[in-house]
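> The following block contains a protein sequence and its predicted model.
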Amino acid sequence: MADKIVKSEEEWRQALTDEQYHVTREKGTERAFTGELCNNKADGVYHCVCCGNELFDSQCKYDSRSGWPSFWQPKSLDKVVEERDSSHGIQRTEALCRQCDAHLGHIFPDGPQPTGLRYCMNSAALKFEPREDG
Ligand code: FE
């Protein structure tokens, strides 16, 4: 597995937009239906906006109507770390990038088969790269 990517708060601030920083490094959540990747249906791979880690394939993206990009599984299970999140008085499962600890979003048990999971991600935490033919 690739080495962990560690940067100071200041380095992340310089590398990211304010919204990307807020979501990924301060565990923020973008407003529903505002993310530019929410309705993206193109074929390709979704990378971590912070470190480039390949997180999700478009083939596992689906329309959850939640207002956030939603996937039923990550590109591989070792890409995403799950942690219990009790903030805001709700028990949720937080999803973090394994490689740089970026907050990505949350995982809910109401997704489609075969996993039954919904990886509810912030568009601001992702960078989409279209798949090149061949
Ligand atoms: Fe990352």
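Arrived safely.

> contacts and neighbour counts: CA atoms only from here.
Fine.

> can you list contacts of stretch 115-125?
With contact meaning Cα atoms under 8 Å, 6 or more residues apart in numbering, stretch 115-125 is reached by 19-20, 23-24, 29-30, 35-38, 48-50, 68-74, 95, 102-112.

> from the middle of its chain, how far away would it be?
Stretch 115-125 has its average C-alpha position 6 Å from the chain's average C-alpha position, going by Cα atoms, centre = their mean, to the nearest Å.

> Buried residues in that stretch, which are they?
Neighbour-count burial for stretch 115-125 flags L117, R118, Y119, C120, M121, N122, S123, A124, A125 (criterion: 16 or more other Cα atoms under 10 Å).

> same check, this time on stretch 6-14
Under the neighbour-count criterion of 16+ other Cα under 10 Å, stretch 6-14 has W12 buried.

> Tell me how far it lies from the chain's centre.
With Cα atoms, centre = their mean, you get 19 Å for stretch 6-14.

> Quickly check: it near the ion or not.
No - applying Cα under 5 Å from the ion, one finds stretch 6-14 out of contact with the ion, separated by at least 9.7 Å.

> List the contacts of that stretch.
Outside stretch 6-14, the residues that touch it by Cα under 8 Å, 6+ apart are Y21, R25, C50, C100.
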